[in-house]
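Undergrad: Need a 3D model of the sequence below.
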Amino acid sequence: MGKRHVGVGIDFSKGSEYALQWALANLTRHGDMVFLIFVNSDVEYGEAQLWMNGGAPLVPLEAFGSSSMMVKYGIRFTAEIIEEVRLVAIQKDLTVHLKVYWGDAREKLCNAEADLQLHSLVVGSRGMGPLKRVIIGSVSEHVVFHVACPVTVVKTPRQCLELDGK
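TA: Numbering: from 1, shown residues only. Below is the predicted model of the structure:
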């Protein structure tokens with residue numbers, strides 16, 4: 001069987017870090033390609049205009065911690081997360097890339113399925129109550145109903161949310 005393409009939506013919250021850790025531990029298999037998908041809502045940024053439709057070029061794992069990448073794309077990986085991803089990538093022979101889009105997270109995560117030819121997509125859940133979800137909308141709920149590939153919504157343990165101040 002060829003390499004599976006596994007996407008993980010990230011927004012640098014504790015919840016998305018937990019979903020990433022869950023996906024690496026429970027979903028990925030030897031040789032998979034993993035795409036960390038970040039949607040930057042700052043569409044006024046100059047780089048956004050250049051890559052608005054299809055997103056920026058893929059960023060390899062080796063460049064995740066680069067200060068120029070962090071500034072250029074607005075990424076905020078902690079050194080601990082980068083190291084954890086790197087170690088799992090070595091252990092499982094994963095190919096890991098970051099894909100950055102600009103715009104609405106719901107729309108762009110759905111677009112990423114076709115763009116990256118995903119076999120599976122993992123997103124975190126912020127645990128919003130029903131009223132908040134109706135008012136601001138749930139990215140995970142939208143993605144579940146609008147992509148064709150299997151979607152896993154990883155519920156974040158309360159202790160992780162408390163650490164994140166949410």
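Undergrad: Quick one: mean pLDDT for stretch 81-99?
TA: The pLDDT scores in stretch 81-99 average 96.
Undergrad: Checking Glu16 next. Helix, strand or coil?
TA: One thing to correct before we go on: residue 16 is Ser, not Glu. At Ser16 the chain is in helix, as set by DSSP: H, G, I helix; E, B strand; the rest coil.
Undergrad: What residues of the host helix or strand of Ala19 count as buried?
TA: Assigning secondary structure by DSSP states H and E places Ala19 in helix 14-26. Within helix 14-26, the residues that count as buried by 16 or more other C-beta atoms under 10 Å are Lys14, Gly15, Ser16, Glu17, Tyr18, Ala19, Leu20, Gln21, Trp22, Ala23, Leu24. (C-beta placed from N, C-alpha, C; glycine too.)
Undergrad: Just to check, the first one is in contact with Thr156?
TA: Yes. In terms of C-beta atoms under 8 Å, Lys14 counts as a neighbour of Thr156; the distance is 6.8 Å.
Undergrad: about what we covered before: next, format the buried residues of helix 14-26 as a markdown table and append distance to Asp115.
TA: Listed next are those as a markdown table, based on distance: C-beta to C-beta, whole Å:
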| residue | distance to Asp115 |
| --- | --- |
| Lys14 | 27 |
| Gly15 | 24 |
| Ser16 | 19 |
| Glu17 | 23 |
| Tyr18 | 25 |
| Ala19 | 20 |
| Leu20 | 19 |
| Gln21 | 24 |
| Trp22 | 23 |
| Ala23 | 18 |
| Leu24 | 22 |
